[in-house]
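**Q** Sequence first, predicted model second:
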Amino acid sequence: MTTEQIILLLLLFSLLLIGILIACLRAHGGGSEDDRIPYEKPDFRDRAGFEVSDLPGDEIVQLQQCFLCHRQTVGELEFLVEPAWKALVRVARAANSLHLEDFSGPYDTNRVLYLDGVRVLVRTSPGGRYLGSWTRGDFHYALYFEAGEMGMAGGLMDDFVREMDAEAG
């Protein structure tokens, strides 16, 4: 084996090791862009520059968990709706996307509602899937139910649109 062949073999081996090292770093906490960072309360001012200052006051709706996700631009709030339904609310500055593709259909109906002058796009399906989205001030909001009792999400939509508020800061 010539010196040139040995150098070429060492070079290929080095590239293989570098590739394995990069794959290992990505797999073991290299900081994925889709990481969900948990928060005790919906105050994302340290990374995203906003907080959710007001939440729905309905007694059947309880905040369970808060996360910052999608490259630290989207606040995600997980609610428990009595008796055992889960609702997700996403909040982002109007310049950022809520990444609603995460809640892709199928939705059978699309309609527009106006609640206190706020335009709300509502998508529903017979199985209970529900997605309502709106913009107020400098923020986008979305309320998502994967499943629920008939009429429950629509009945709570008013509370979320009227009572939720986010502030820059």
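**A** Great, that's in hand.
**Q** Pretty sure residue 12 sits in a strand.
**A** No - with DSSP: H, G, I helix; E, B strand; the rest coil as the criterion, residue 12 is helix rather than part of a strand.
**Q** ok, it to residue 1 distance?
**A** Computed as C-beta to C-beta, to the nearest Å, the residue 12 to residue 1 distance reads 14 Å. Bear in mind the C-beta positions are built from the backbone N, C-alpha and C, glycine included.
**Q** Which one's more surrounded, these two?
**A** Neighbour tally, residue 12 and residue 1, criterion other C-beta atoms under 10 Å: the higher count belongs to residue 12, 10 against 7.
**Q** buried residues in stretch 150-164?
**A** 152, 153, 156, 157, 159, 160, 161, 164 (16 or more other C-beta atoms under 10 Å).
**Q** Return the closest of those residues with respect to residue 75.
**A** Minimum distance to residue 75 across these is 10.8 Å, recorded for residue 164 (C-beta to C-beta).
**Q** Correct me if wrong: the closest one contacts residue 57.
**A** No - with contact defined as C-beta atoms under 8 Å, residue 164 does not reach residue 57; the gap is 10.4 Å.
**Q** circling back: out of the buried residues of stretch 150-164, list just those in helices.
**A** Among the buried residues of stretch 150-164, DSSP state H puts 152, 153, 156, 157, 159, 160, 161 in helices.
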